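Colleague: model the structure of this input:
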Amino acid sequence: MDLGAGRRGVDMGPSAIRIAGLNQAVALLGYEVTDAGNVHVHPPEAVEEMNPRARYLAQISAAAEELAVMVEAALDDGALPVVLGGDHSIAIGSVAGLASYYRKRSKRVGIIWLDAHTDVNTPETSPSGNIHGMPLAALLGRGARELTHVAGFAPKVLPENTVIIGARSIDPGERELLRSMGIRVFTMSEVDERGMADVIAEAVEIASLNTAGLHVTMDMDFIDPFYAPGVGTPERGGATYRESHLAMEKIADSGHVLSVELTEVNPVFDTANQTALLAVEVILSALGKKIL
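Modeller: Numbering: from 1, shown residues only. Below you'll find the predicted structure:
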């Protein structure tokens, strides 16, 4: 899906990741792999855009509802869902499915959000109206009801179990919401000061406290564009190649991962599919692949 983004192309991200050999690589780790296919999303050219404050709201909400059902079905089957983007608005559906599954078991879930942006805009604060800047707010119960109440309830995660890592571009309205909700944000400056391993250890502790486990979602612009040029909203000063792997390796080592998500691979801006190839690598790290 690229309805949530301001630039075209991320709808081809899942295909690029598949072409880069994800299914085969995951199978080599010893997993049994089932590819559930794509969520049904109309391209922007086929849709009349109705709401400039939350562009393609109805279509994104419908896609999120479908994805939530697919994720919950995978969990019912005893599988570990791996969700491929597409723009980051897909997280609304991914986490809705996960949270719904555990809500029925009287448990809640946490989230680690690896991203150059915090994605906690609402239709009232968004400078662009692009919903890929709103998914985390929606999961926290803030924003348009069509997004906050996917799967029929809100919020999906609580602020005390929500962690953002890698932020280096935050809008004024987002800054205000983050402070008011008390969400833990590790900026890239803090990552530089403390080191990725220390940051991830604290993040896992926050996201897993009194929860069944956590959803880890990485926007590829978390990584510096030198290593991942194929993204829609690149921001210099991101994580290095090794830092991105270390982050996912440490999260996997925690034993708290319930679902994995990788978003915002845009082949239009990529070079020889290198961003999709790196996406495959970091997904493997999140699933437990080690050097030795």
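Colleague: longest helix in the protein, by residue count?
Modeller: Secondary structure of the chain per DSSP state H: the longest helix is helix 57-76.
Colleague: looking at it, residue 156 is touching residue 101, isn't it?
Modeller: No: if you go by Cβ atoms under 8 Å, residue 156 and residue 101 don't touch, sitting 11.2 Å apart. Heads up, the C-betas are built off the backbone N, CA and C, glycines and all.
Colleague: what packs against the helix or strand just after the longest helix of the chain?
Modeller: Following helix 57-76 in sequence order, the next helix or strand is strand 82-84 (DSSP states H and E). When contacts are defined as 3 or more Cβ pairs under 8 Å, 6 or more residues apart in numbering; DSSP states H and E, strand 82-84 packs onto helix 13-19, strand 257-263.
Colleague: and the last one, how far out from the chain's middle?
Modeller: When C-alpha coordinates are averaged (Cα atoms, centre = their mean, to the nearest Å), strand 257-263 and its chain have centres 7 Å apart.
Colleague: hmm, who's touching it?
Modeller: 10, 13, 17, 71, 75, 80-88, 90-91, 94, 98, 102, 109, 212-220, 251, 279, 282-283, 286-287 (Cβ atoms under 8 Å, 6 or more residues apart in numbering).
Colleague: what does stretch 43-63 give?
Modeller: Stretch 43-63 has contacts (Cβ under 8 Å, 6+ apart) with 1-4, 8, 11, 39-42, 89-90, 92-93, 123-124, 126, 129-131, 134, 143-144, 146-147, 150.
Colleague: on that earlier part again, show me the contacts of strand 257-263 that map onto helices.
Modeller: 13, 17, 71, 75, 91, 94, 98, 102, 251, 279, 282-283, 286.
Colleague: is residue 4 in contact with residue 129, as I believe?
Modeller: No: counting by Cβ under 8 Å, residue 4 sits too far from residue 129 to count as a contact (10.1 Å).
Colleague: what about these two, which has more around it?
Modeller: residue 4 (32 against 18; other Cβ atoms under 10 Å).
Colleague: still on that earlier bit, name the residues of the longest helix of the chain that are buried.
Modeller: 57, 59-72, 74-75 (16 or more other Cβ atoms under 10 Å).
Colleague: cool, stretch 158-177 as well?
Modeller: Applying 16+ other Cβ under 10 Å to stretch 158-177 flags 158, 160-168, 170-171, 173-174, 177 as buried.
Colleague: pick out the most distant pair among these.
Modeller: The largest separation in the buried residues of stretch 158-177, counting by Cβ to Cβ, is between 158 and 168 at 25.0 Å.
Colleague: what's the strand or helix carrying residue 137 packed up against?
Modeller: Using DSSP H and E, residue 137 falls within helix 135-139. When contacts are defined as 3+ Cβ pairs under 8 Å, 6+ apart, helix 135-139 sits against helix 91-103, strand 110-114, helix 145-148.
Colleague: just checking, residue 20 touches residue 276?
Modeller: Yes: counting by Cβ under 8 Å, residue 20 touches residue 276, with 4.2 Å between them.
Colleague: would you mind telling me which of these two has more residues around it?
Modeller: Counting neighbours by other Cβ under 10 Å for residue 20 and for residue 276 shows that residue 276 has the greater number, 29 against 20.
Colleague: neighbours around the residue nearest to the more buried one when sequence neighbours are not counted, how many?
Modeller: In space, and not counting its chain neighbours, residue 276 is closest to residue 16: 3.8 Å by Cβ to Cβ, 6 or more residues apart in numbering. For residue 16, the number of neighbouring residues by other Cβ under 10 Å comes to 24.
Colleague: good, wrapping up.
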